[in-house]
Structures are given as C-alpha cells and as structure tokens.
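1. need the 3D shape of this:
(chains A and B)
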Protein chains: 2
Amino acid sequence: MDRENHANHGDDEEHEMENEDRKDMESGWAEISEKNMNMRASMREPLLVKGVNRGNATSQIAIVGSNTCPIESLDYEIIENELFKQDWRSRKRTQIFQYIFLKWAFALLIGLLTGLVGVFNTMTVENISGYKLLLNIYLMDEGRYFLAFVSFVGCNLILAVAAGSLCAFIAPAAAGSGIPEVKAYLNGIDAYSILAPSTLFVKIFGSILGVSAGFTMGKEGPMVHTGACIANFLGQGGSRKYHLTWKWLRFFKNDRDRRDLITCGAAAGVAAAFRAPVGGVLFALEEAASWWRSALLWRTFFTTAVVAFVLKAFVQLCSTGNCGLFGEGGLIMYDVSSAGATYGSGDILAAIFLGVIGGLFGSMYNYLIDKVLRVYSMINERGAVYRVLLVICISLLTSVCAFGLSWTVSCVPCPTESSKDCPTQTGNYLSFQCPSGSYNDLATLFLNTNDDAIRNLFSTNTTREFRISTLFIFFGAIYFLGIVTYGIAVPSGLFIPVILAGACYGRLVGRLFEPISDLDTGLYALLGAASFLGGTMRMTVSLCVILLELTNDLLLLPLMMLVLLVSKTVADIFNKGVYDQIVKLKGLPYLEAHAEPYMRQLVALDVVSGPLITFSGIEKVRNILDALKYTGHNGFPVIDEPPFVDSSELFGVVLRSHLLVLLKGKNFSSEQVISGQDILRKYAALDFAKPGSGKGIKLEDLDINEDEMEMYIDLHPITNASPYTVVETMSLAKAAILFRQLGLRHMCVVPKSQGRPPIVGILTRHDLMPEHVLGLYPHLKPHK
Amino acid sequence: MDRENHANHGDDEEHEMENEDRKDMESGWAEISEKNMNMRASMREPLLVKGVNRGNATSQIAIVGSNTCPIESLDYEIIENELFKQDWRSRKRTQIFQYIFLKWAFALLIGLLTGLVGVFNTMTVENISGYKLLLNIYLMDEGRYFLAFVSFVGCNLILAVAAGSLCAFIAPAAAGSGIPEVKAYLNGIDAYSILAPSTLFVKIFGSILGVSAGFTMGKEGPMVHTGACIANFLGQGGSRKYHLTWKWLRFFKNDRDRRDLITCGAAAGVAAAFRAPVGGVLFALEEAASWWRSALLWRTFFTTAVVAFVLKAFVQLCSTGNCGLFGEGGLIMYDVSSAGATYGSGDILAAIFLGVIGGLFGSMYNYLIDKVLRVYSMINERGAVYRVLLVICISLLTSVCAFGLSWTVSCVPCPTESSKDCPTQTGNYLSFQCPSGSYNDLATLFLNTNDDAIRNLFSTNTTREFRISTLFIFFGAIYFLGIVTYGIAVPSGLFIPVILAGACYGRLVGRLFEPISDLDTGLYALLGAASFLGGTMRMTVSLCVILLELTNDLLLLPLMMLVLLVSKTVADIFNKGVYDQIVKLKGLPYLEAHAEPYMRQLVALDVVSGPLITFSGIEKVRNILDALKYTGHNGFPVIDEPPFVDSSELFGVVLRSHLLVLLKGKNFSSEQVISGQDILRKYAALDFAKPGSGKGIKLEDLDINEDEMEMYIDLHPITNASPYTVVETMSLAKAAILFRQLGLRHMCVVPKSQGRPPIVGILTRHDLMPEHVLGLYPHLKPHK
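-> Below is the predicted model:
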C-alpha cells in the first residue's frame, strides 16, 4: 500500500480519480450482487428493471380437440450436462446398434399397426354403413318410405350419439381432425392429451362410428392423428406401472426421438388413409413437420412402404370376398386412368377457371369454419352433455338433408346405352324411390358412403348421369354440412367433404366447358376436388401426389399442378390455410419458420419478460424449492460465483424436471461445497430421461424437512453447460430464427457489456409469439 | 484514499491482498489491451496462445468439373447492419410487390428456359445419333460391314472429340455430372466456375455431343447442372458491363435468394430430364438442397409445373412428326402400365433379392468410380490436351465394345408371334448383320440410343427377346464402361448407365425367378434399375417418384419401395452415396446436417484457429488495408473500445466485400470520431449487395495514398451488429449444428468469463470440417 502511495506521489489527482472509478465499480458490483441475493431470497424481486411487471401476455392454455388444457413446450436441444457426457462416453457399439435397430423396428411397427388400423377402420365403416344403407334400400323397395326415413335417421342418430358420447365423455381431445394438434406437437407444443392412449382409442372408434353415422366427414384426418398416437404410444419407452420397461427403450425417452417417431406416424396415417405412401411422406414433410432431416425422409418412407404392403395384402385378401360388404374397390382408389389425357388450350382455360373458383370457395370455407368453430367452442365449453346435444342436432340435420333432399328431386330415366346397370341398389344410378327404368341422381350421391359418392362423381364416361340442378343442390348441401360438422365432438376429417364438394363443382365446370374441352367430366371432378383441396388446405406437392396415387393417373399431372397452384395463389390472398387457422384459433403457440418483419426493429432484450430466477452452482435447497413452487418456469440459469470462479459467470441452464429428480434423491450437503462426483456416481443419465407425457415426478412428491431445506446441493452435474445464447442486442428476428431452427425451449440472453450479471433473461416460445411482441410494442404494426 | 486507508485500518492484510488482486486485474487488462494493439499493428501476432501456429489444415481449393479452383463460402445470414436497417425501414409496399413478383417471374423463367433446353437437348441428340445410326444400318444392309464399323467409330470419335475439346478448352468445370457441384453450391460452397455462363454453354452442347457420341452416359445429370446454371444466370441481377441493370433485380443480390433460385433450377433440371415434375421437386429436396423451407417447396413445384407444361406441349407438337427423327416416344417415358401388377410372396422374394444385388453392385460401382476418378484427376491435371486424349481413348473403347461385341454374338430367330415386327431397322429386334427372319439381340441394346436401349429392356411381353448370355455380356460391358466413362472431360450423367445396367440384371433375375413369379420381365427390368439406382445414389423417395413418373405405373409402388429400401440399406453398409463420395473426392468442404459424435468431446474454443484480426469501431485505414492484404479472411470482428464505451465490447462482424466498397468510397476522417451518419447518407444498401460471383471490387482496385492511410474510418454503419455468437465452452457439436442450421459463414466465439477481450475467435466452415478437427485432435477416433 505504502509502496504504491509512494510511487504515485506525483500524480495524486489522477490516482484519486482512478480510485473513484474503482470505487464506483465496486459499489456497482456490490449492488448487483445484493440484488442477486435478494432476488434469490424472495424469488419475486426482478433482476432487471426492464423486466418489472412484464409478464407474458400469451396464454399457457390451448384447446386440444374440444378440450381446454395446459400446454408445455417440447425441448429438442440435447441437454449436454455432465451426466449426459458420462453416459455418452460409456456408450458402446452394442448400444448404438440397439438404438439403430429399435429406430427401424419402431418404424416397422408404426407402419404395421397404422396399416392394420386403417384396414380395420375401412372394413368396419364399409360394413356398418353398408348394412345401414341396405336396410334403407330394403324398406324403400317395399314402399315403406316413412319407415325407411325413420330408420335412416334413427340409425344415424344412434351411431352419432355413440360417437359423440365416446368423444365427449372419454377423450374430448379426440374431436376434430387432429391434424392441427399433430402439427402443433411437431412444432414443439406438448399437451398430455394430444397423443394420449385414450385419445387414440376414441379417435379410432369415434371416427368409425362418426363416418358410419353418415356425417359429412372423413376418416382421413383422424387417421393421421391415429398414426401419430400409435407412434407416441410405442415411443413411450414402456410402462413402469405395468412393469413393461426395457432397457433398450431408454434411448427414446427424449423429445427429439419421439418427434421423429410421431412424424413417421403422421406419414403412415396419410398413407393408410389414402393408400398413398409417397403422398404420406410428402404430407408429413409439407404440412405436418416443422423440422426435417434427410435421414428422417428415408425412415418415413420405410414406414409408409410398410403401410402400403399391409394395404396391398389386405386388398388382395378382400378381392376374394372375405371382407363382408367391403367389395373389390380396394380402399379409396378411384381409377380414372382409362380416360385419355391429351388436352388443349380449352382445357387449360378450364383448369385456371377451376383454380380460381377453388381458391374463392376454399378461402370462404376457411372463413366460415373459423366462425362456426368459435360458436361451437362456446357450446363445447359448457360440458359434455352440451357437446352430445350438438352432435345430435347436426346428425338430425345431416340425415334430414340427405333423405329429404333426395326425396324432393324427380327421377331421371336411365341412359339408353345398354352397358350400364340402371337402376341399381348400390353404386351408380341408385333407384331410391324411382320406378324401374329410372334413377334418382341426388340419392346416388347422398345415400351412399362418402367414398362411393366420390367414386360416382369421379366416374368417367358418365357425363349426363347427374343433372346440373342435382349437382348444385348437392354442392350447396355438402359445402354447408361440411362447415357445420367440423368442430362437433366427433373425430372428423376435412378431406372427404372438401373432395366431395370440389368434385361436384368440378363436374359443373366440366359441363360448362363442354364446347371447348375434350376432357371427361370425371376428370373435371378430379380437378375440381384438387382445386378445392388447394383452396382450403394450401398444400401443393403432397396434395398433388396424394391425388395422383388415389386416381392412378399420371398423365393428368400438369393440369393438376396448374389447378393447385392457381387455387392456392387465389386463396392465399384472403386468409391462411385451414389447419394454420385452426391451430391459431385453438391458441396453440405455433412458431413460424420465418421471423415477422417487425421483429427486425427490436432486439432480444426488448421481449425478455421478468422476473428472472437464477441459481448458484451450489444452491440452497430452500431456494430451489421456492423457485419451483412460486414460478412455473421450466429452466433456470445457473451462475457460478466467487469464490468458485473469479467473477460470476453463466454456467448453464438447469431444467425443472431434472431438479425434481435430484431433489428427490436428497444428495444434499450441509456446506456449500462441490459434491458433483457423488451425484455422477449415484445417477445415470436414464434417471433424468424424459418420462412419457403426463408422468414424471411432481413437486408434491417431494418430502423435504426443515433441516434439509437449509442444506446445499451441487447443480453442476445436471446443468446443461452448453445452452444456446444470444447477446442482448441481437436483432429479435435473428434470435427468433435461431430459436426456431434449433427447436429450443430456453434461450439465454447474455449482456453485451462487461461488469454486469452474466445473464439478463431467458427467452421461451411464448416470448417470441407475435401476439406477445405486438402486445408489448403495439406501435409496430405488421409491415406488409 | 485517506478515508479508505483509515477505514481499513484493522484489516490491513486483507486489504493488501485485495489490492494486489486489483493490480493483477489491472495489469491483466493492460496486457491484453497491449496485445490487442500489437496484434492490430502487426497483423500477425496471435491474440490467443491457443491459436498459435494452428492454421487450418483443410484446403481452400477444390475440383469443379475437371478443373481445380479456389472456393469460397456462401453466407446465408442476413447482414443486419445500419445500412440494411435503413434500407429495410424505407421499403414500401411496392418494393415488396416487386420482390414477390420477381420471385415468381424468375421461377417461371427458369422453368420455361430449362424446359426448352431439355426439349432442345433431346431433339438434337435424337436427330444426331439417329442419323448416325441410320448411316450404320444402311451400310450394314449393303453388306459393307467394315465400312460400317469405321464410320460408326469415326462418327463417335468426331462427336467425342468435339465434346471433349469444348469441355477441356472452354469450361473444364462442365465435365462430369454436375450434381455434386450443385449439391456443394447449395450447401454453401461457392466457386465462380460452378455456375458460370461458360459452364452453362459447354454443359448444354458438350452433353448433346457426348451423348450423341454413344458414350455410356446420360444427359440427366448435366440437365440438373444446366437448370442450376440457368437459374444463376437469371439471378445475377443483370450485367453492369452490358448496361443490363434493373433496379428491381437488386433484391436478388444476396446468397439467400440466389440459393432459392438455384434450388428451383436443379428441380427444373430433373423435371426436364425425366419428364418428372414431382420427382424433380423431391430430388431437389432429398439430394440437392441442404436448406429447405415450405415456401420453397411451393416455388419449386411451380417451376417444375412450368417445365411439365413445356414438355407436354412439345410432345403434342412432335407427335405430328415435325421433330425429325424424334418420334412419338415422348422424351424418355417408358409406359409399362399395361402389364398388370398383382404379386405374391415369390415376387416379394425376388424384389428383396434384387435389392440385395443392387446394393452390392451399387456400392462396388461407387468404390470403382472413386478409384477411377483418382486416376483420371491425375491425367486431367496435366492439361487440356491430355483430357482430350483421354476422351478419345474412351470413345474408341466404347465404339469397339458396342460394335465388336454385337458382331460376335450369333443371330436369334424371330419370335413366332406375328404381332411383333422382326427384324427391324430401329427399335426392338434389330437386324444388324443377321439374315431375314432373325435378329441380333445384343445389337438391339448396343446400337441404339441409350434411351431406346432402356425402352427395349423395359418392354413387356418380350421375355425371350434377350438371351441370358446377351444380358450378361451387355451388363458387364455397361457396368465397366459406365465406370470408366464418368470422369472424362465431357458432361456426363450417371443415371442412364446405372438404369441400363440395373435393367439388365433385373431381366436376368426375372428369368431366374420365372418359376415362382408372375411379374413380367419388363417389370423386373424396372425393379432392377430401381435397385441399382438405390445402391449407387442412395436416394429413396425421389428415385421412387422419378421412376413412377417415368413408367406411369403406380401399382408397382410397394415393390419399388421395397427394392429401394433394401438396396440402400445393403449399400450403406459399405460406403456412401456416389454424389457424396464425389463431393468429398473433389475436396468440396461439404457440411453435414448432423455433428460428428466426437465433436461432443470438444468445445468451440478447441478448434478456433488463429491469429484473430480485429478492428476498432473507428479504425485506421492502414490497419484495414493491411488486414485485407495479409490475410484471406472474409469477416473481421469489430470491437468498440474506450473512450466510446465503458469497457471494450464486441460490436459485430464486418465483411471483406463491404470494407472494400467502403474504402473505395474514401469516406475517411482525420480524427477518430464517429462519422457513420455521412456514410448512411452517402450509401444505399444496394451498393453493398453481393455482385454476381467472380465480380465485385478487388483489393487492387483501391487507390489509397499515404495520407489517407493514416486517416480513420467509421465501420459501424456497415458492421453486422447481430452476429451469431457462441460461448467458448459451448460443445463443438452444438456449435456445429448452429452453424449448419443457420447457414452461417462466420460464427463468433466469445469468452465465458469477464475481464477478457470480448471475442476469442471466429469459426468458419473449414474449422468445422471433420478433417480439420481430427487433424488437431487425432486421438479422437471416429466413434462408430
């Protein structure tokens, strides 16, 4: 000290200034450090002034199916803590083989099971609705029209109530198409019920009953959800409850591998629903998945190939007539390849026209569905009984429409060409109430299964089978019924109503363009369906391939592409695709792949919401427990502080679930000392692996006494020491891209300048939601 | 000072210690700061001891086509500097409209041009080789066998020399398939010649001449490259040289938008080559592109739809016979849909067998190609003349094989069914030297265009057309010729030789399985082609769709999927896909989507290579010029230092190209003051936009005198203030994932602890290459 004083004799002034600076710095440090302590003590004091009173505006609750439930984020980051590294280093060839083997075994199983469920669904629906329609035909033939009407309405009602009750009382999450939920899950949003076994059960049986009940709905969307549920069920890693655990399964106890399985499941669902294996892969890629890797493409392809084989075997089996009323048709495969496909400018004009119409009708459809869903969600909120009542209303409406409208139209004389069977009891040229030699064209569409109705509309060389008025009536009814049906408490797909309505106006346009076009009206129906699908769902490649695989006609490809492009372009002017819209309506915090433009005007710090809770590397048990109790946070920064390091620095992020496991183990020490080695010896990475959704240790399971509360625990071994960080001045747009591309759950915001606490906040999915950002900065109007 | 002394009277010792600590810290700072100054002065002193003498081992040079040239990285990060923000804020609706309009206009143009080039290619090839073969047939008919042989060899040689000279003298980069180069470009590797206009020119004409010369090569791979070149040409943003600039084009002067265009181009190339629009999209997705967005899927789909329309129009036009020798066949469309496709367990067994064979042959093919390419690259290095000589050798070999082998086999009597034309002058059942009533089955394959040979092999209901011995000979010859042909200085695709060889052994297997299988041998040929393609190229979904679109038969889908899966699985045991292998062989630093496992044992700091050159926010011109002159770095960290900020902090990263533009403008000031506003007023973001590859200001273009050398320049406005950063202790695996996912060129590594310089290094593509990492840490054997 003296020496220094002496040396600095000549420049006392300067020295003093310097000293003051130093004091300032010191007191600044002390202040921050004090703040830190306070904060950790009270768990409420904000670390940053900026963070005060700035909770997150977006909801942590969303609608799944017709049920409201809390949601969590999934975490695709690899949590590289000491335990993980220890586990990883100890992995041998056999374990890697186990992992790879299981990965493919699961893909095989998912394909197999989804294929079988698809077969079961189709066969059951065909048989139930087949017998229902046969009864109706029998009664009509006998002339007992009123009884036929009552029995038709009654059968539908019973099936509808069964479907609705299943769904409303057992698993409300199974209502609707399920594609929005799967899409949200694959974007990183978790809710227990989305993929729960009960949802799977209701999805399968509810869908069978619902489709058999004659609703204007398909079983295709629910098949996607079913595939995803099956994948999730397999990927749970066994069940500890039923002692079905297997060491091999531990590799799948994380969100990344589950996501891959569920992507395969979704693809398998489409493949099984449409018998379109390539279409399934593309659907998963274009619509469902938010993250994609080339390796996954291959695995998905394998899964759908398995589905294709199951279906092929089934079709070959059923072609011998062993499947009851399920005939030789082979799922929904509308073979139109017989009709030639050379086309000229007239056809191209017609295709563009169809595309425009499809875009307009499609965007209107989305708009109306949105409105109806808002009304329905109010009804659904009131309870299960109201949900069933809604189902009953819609069932009655559908039945009355189908029977009543068919009844009102006059009979059409059979075509003179002898090649056609007319009238028939099933299929084309249905007789209904008509005398011999004539048929009821509207009944041909209404009083058939939806699959058969589509087959009738797609049928070629039957230009005059349906009158223009009939097509108008049917289109109106289906368009309207499709809108009011989606959203009731029954698993209901959107593909079939959209294809039906589209095929209908496709035929109409075909009639309109007859003078300048050589295409068959059946092909027009196909293009119409494509245009309406493009207008509502806004997919391109996957729809194109699905339709090609459905119809087995590749020569129509250029026209189909044109129609899809035009309809998507037109519809995109007005609103978003129907699934995106439903995801938003349900309140699922979906992260878009691109950042919103206004985010460029903000930096990461601007959206950090406080208060920030941090832990020391070796923290008091009480502080941890308080933090877990009083906040809902799932990740906490861990900060190393003197004397363990020179100056406080961010060590990493620790997860709530890992803390709970560690606390449960009670590896406490009475002093603030490093005791990580004990923990590394005592635990394996598997102990911290993510359990199946809805399981895992809860805060209430802990039993810690007062003495233990005052003890310390070393958090280092379970802390992810490589969290992704952004500097506070990083443009928010770039931070959001980083967050989304890497599939993060927590992103640390670190200070730019030195001499401040080593972390200023944590960003989560909710902080990056446009609603939240615009809520904080309302003047940033979307720059369009 | 006195006050403090007084207060601390009782604990002098402690105080002294504290003081010493402080001194240490101070001197540490001084040291670092001094180092910093030194470093900036000398430009050679390393900032970090760790970085000393640790240059990067991986080469900055790679082979493009058959040419060695320096490579650069592309930068997909948005450079968010002040100028960008200013430009972005000033963008209005019209500009956004311009951008969107141009995006789609470019997609349309790329589709149109690629489609037309595809048509031109096919028509020219069909006509040139058609007349060549007609001459041959005429001479053979006349009995002038030797003259026929000489003319055949001569024609081939002339065409081959023309192709080889074009390629060797004008654009060596056009040699080979081009798919590896496009793949590397889309992974972020730039070399001027990859997509240069001269490459485009040679690719088109060289490919036409080469295929006409009868080489065992296809025009499909080159079409992909051609599509990419066309896209790049359009996306250059005009030409300043020819005064073809247009303000609208400025939006495409960046790597991101060009990447998108080139992805569309690659897809259009496949679509045009195979007439497979959906397959084209999938190819771009599965094989070519490293980054993918849903929005891009749609745009690519649009591009390939345009191609499909162009081709469709052309086929309809040519079906009237206006295209010379180009018949009604319609590009390469092998219609096998007539053959039914119900299959049993025998067929599945055969498919698995085919898959295994395909996998074995495929991996061996890749292995041999690799060896041959290594030999060829030594020959090619010697100069253009050697390249042409190599082409001549291979041409002679091919011609002699084709003619000679056909000559040696005996004639086969025509089938008795009257339905077949036999013998014919072209197509199936070629007569060659055979007397009336018999045909030469080997000549049917050898002395046809490759497309016709494939059509013959795929033809159904012709089980006995080719003898088993013939198929063996042809397979051997094609397998061998395919391997030695790839790598000569001619644009040569791999698809066609692989399909030919695969179809050949497919037919053989079909004959083998005849007793237990009902499938037609033509379908076996198709499955064989699929298996060999799967075994060499290792694509799944895209190959499947391409083959389906080629053959117009969807019912074979499940079997095709099976074959592809088996062959890829088997081949993957032995080596990588052929394109991946060639990319590696050429020394292109391809970044894989996943991190190597051993990277988990390292942290980001471990691979940082020094010395690090940093600039001050306001830097002396001389320092900047020296840095640009003495290093090849493309990005430099900019550090704000006192007195402008409290303590030195990382402001961002400035790019070499931007520095050059700024220096050229000479906005210097004699004092170290903030002068950014001037620069913001003087420049627009467009001035800093990336010029077409190979253009842009060079260091030699600058003309700065000694006085100016001592002046200062404010770097803030052009510095990207939001660079992506990782902490030095971040696991290297996670850092690599971040780098790859976001398509970065520079990633800053920042220190974990405080009181150190604000940046410790920059990671680039080369630092993350496995070769480099393993070179530094050889003990980290790949963990398999």
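2. all contacts plus neighbour counts: C-alpha atoms, from now on.
-> Will do.
3. for the helix or strand where A:Phe474 lies, list every residue counted as buried.
-> Element membership for A:Phe474 (DSSP states H and E) is helix A:468-485. Burial within helix A:468-485, assessed by neighbour count using 16 or more other Cα atoms under 10 Å in any protein chain shown, is assigned to A:468, A:470-471, A:473-475, A:477-485.
4. and for A:Arg93, the neighbour number?
-> Neighbours of A:Arg93 under the rule other Cα atoms under 10 Å in any protein chain shown: 11.
5. same check, this time on the one 10 residues further on
-> A:Lys103 sits with 20 neighbouring residues when counted by other Cα under 10 Å.
6. mind checking pLDDT for it?
-> Note on A:Lys103: pLDDT of 89.
7. please enumerate the strands of the stretch 501-650 of chain A.
-> Assigned by DSSP state E, counting those that start in this stretch, the stretch 501-650 of chain A shows strands spanning A:615-616, A:618-620, A:635-640, A:649-655.
8. could I get those strands as JSON lines with mean neighbour count and mean pLDDT?
-> As requested, the strands of the stretch 501-650 of chain A are exported to JSON lines (neighbours: other Cα atoms under 10 Å in any protein chain shown; pLDDT from 0 to 100):
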{"stretch": "strand A:615-616", "mean neighbour count": "22", "mean pLDDT": "91"}
{"stretch": "strand A:618-620", "mean neighbour count": "23", "mean pLDDT": "89"}
{"stretch": "strand A:635-640", "mean neighbour count": "24", "mean pLDDT": "92"}
{"stretch": "strand A:649-655", "mean neighbour count": "24", "mean pLDDT": "92"}
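9. make CSV out of these and add distance to chain B.
-> Output for the strands of the stretch 501-650 of chain A, formatted as CSV (distance: least, Cα to the nearest Cα, whole Å):
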stretch, distance to chain B
strand A:615-616, 16
strand A:618-620, 18
strand A:635-640, 10
strand A:649-655, 6
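10. so who does A:Asp421 touch?
-> By Cα atoms under 8 Å, 6 or more residues apart in numbering or on different chains, the contact set of A:Asp421 is A:Tyr429.
11. how far away is it from B:Val653?
-> 77 Å (Cα to Cα, to the nearest Å).
12. and if you look at A:Val391?
-> Taking Cα to Cα, one finds A:Val391 at 61 Å from B:Val653.
13. next one: A:Asp260
-> 36 Å.
14. what's the answer for A:Asn634, then?
-> From A:Asn634 to B:Val653 the distance is 34 Å (Cα to Cα).
15. same deal with A:Asn456?
-> Counting by Cα to Cα - A:Asn456 and B:Val653 are separated by 64 Å.
16. what's the answer for A:Leu447, then?
-> Distance from A:Leu447 to B:Val653, by Cα to Cα: 69 Å.
17. do A:Ile613 as well
-> In terms of Cα to Cα, A:Ile613 sits 32 Å off from B:Val653.
18. what's the answer for A:Ala62, then?
-> 41 Å.
19. likewise for A:Gly761?
-> Taken as Cα to Cα, the span from A:Gly761 to B:Val653 is 24 Å.
20. and A:Thr320, how many residues sit next to it?
-> For A:Thr320, using other Cα under 10 Å, the count is 10.
21. and A:Glu700, by the same measure?
-> If we define neighbours as other Cα under 10 Å, then A:Glu700 has 7 of them.
22. what's the answer for the one 3 residues further on, then?
-> A:Asp703 has 10 neighbours, counted by other Cα under 10 Å.
23. same question, A:Glu710
-> Quick note: A:Glu710 (other Cα under 10 Å) scores 16 neighbours.
24. hmm, it is touching A:Leu625, no?
-> No: using Cα atoms under 8 Å, A:Glu710 makes no contact with A:Leu625, being 10.9 Å away.
25. low-confidence ranges in chain A?
-> Scanning chain A with the threshold set as pLDDT under 70 gives A:1-59, A:237-248, A:321, A:324-342, A:417-420, A:425-427, A:692-695, A:781-784.
26. the strands in it, which residues?
-> Secondary structure of chain A (DSSP state E): strands at A:61-64, A:67-70, A:72-73, A:189-190, A:412-413, A:438-439, A:615-616, A:618-620, A:635-640, A:649-655, A:712-714, A:725-727, A:747-750, A:761-763.
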